[in-house]
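1. Fold the following, please.
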Amino acid sequence: MCASTDPPRRGRFLARLHPRCIRRDRDGGAAIEFALLLPPFFLMLYALIELGRAMWNFNTLQLVADEASRWASVRPTATAEQVRTAALPMGVGLKEADLLVAVARQGPDAAGVTTVNVTLTYTFRPVAFLGAGGMEWQMAARGTMPVIENN
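-> Got it, this is the predicted structure:
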């Protein structure tokens, strides 16, 4: 009663609209499943990409902190602004306005070693998605090196 290979006639068309026939009809099921699964898939893909960007920024931040502390360790009189100026070219992909640099020297300790600590703080902002702008994550990285004094 529901399926027919005969050319459609008015009576057969109305028979296909019977509730029993509609329940058995599978036409368009794949399109509906695709439409239901596509938004969560794209949301997960977006989250994965943003997580990757955040991890890349954090790794870059840690590298810059280590390199900036190494740079400051051979220049004992360098100011925080000089360390920041030296660190900026190393931070590929980091926005200059979102990067804060703090330099602290400690020591000498019992062994007579003076260390320089460079702490970088970076504000990571994910790309806005569906009005989710305004999110920020604070990242911090610290590099410590012994100061090498030229005598």
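
2. okay, and for this protein, where does confidence drop off?
-> 1-18, 20-26, 129-133, 150-151 (pLDDT under 70).

3. And the longest helix anywhere in it, what does it pack against?
-> Counting by DSSP state H, the longest helix found in the chain is helix 29-73. Applying 3 or more C-beta pairs under 8 Å, 6 or more residues apart in numbering; DSSP states H and E, we find helix 29-73 packed against helix 80-87, strand 115-124, strand 137-146. All C-beta atoms are positioned from the backbone trio N, CA, C, and that covers glycine.

4. between that helix and strand 137-146, what angle do the directions make?
-> Using axes from the mean of the first three to the mean of the last three C-alpha atoms, to 10 degrees, one finds that helix 29-73 and strand 137-146 are set 30 degrees apart in direction.

5. tell me the angle helix 29-73 makes with helix 80-87.
-> Here the directions of helix 29-73 and helix 80-87 differ by 130 degrees (the same axes, to 10 degrees).

6. now helix 29-73 and strand 115-124, what's the angle there?
-> Angle, helix 29-73 to strand 115-124, by the same axes, to 10 degrees: 150 degrees.

7. Comparing the helices and strands packed on helix 29-73, which comes out most buried?
-> Burial of the helices and strands packed on helix 29-73 is given as mean neighbour count (mean count of other C-beta atoms under 10 Å); strand 115-124 ranks first at a mean of 20.

8. in its sheet, what does that one sit against?
-> Using DSSP bridges, strand 115-124 pairs in its sheet with strand 99-106 (antiparallel), strand 137-146 (antiparallel).

9. who wins for proximity to V113 among the ones you listed?
-> Between V113 and the strands paired with strand 115-124, the shortest separation by C-beta to C-beta is 5.2 Å, and it involves strand 137-146.

10. For the residue nearest to T79 when sequence neighbours are not counted, grab the count of nearby residues.
-> Among residues not flanking T79 along the chain, V103 sits closest, at 7.4 Å (C-beta to C-beta, 6 or more residues apart in numbering). Look at V103: counted by other C-beta atoms under 10 Å, it has 19 neighbours.

11. my guess is V103 meets T77, correct?
-> No - with contacts defined as C-beta atoms under 8 Å, V103 does not count as touching T77, sitting 11.2 Å away.

12. Going by secondary structure, E149 is in what exactly?
-> Assigned by DSSP states H and E, E149 belongs to neither a helix nor a strand.
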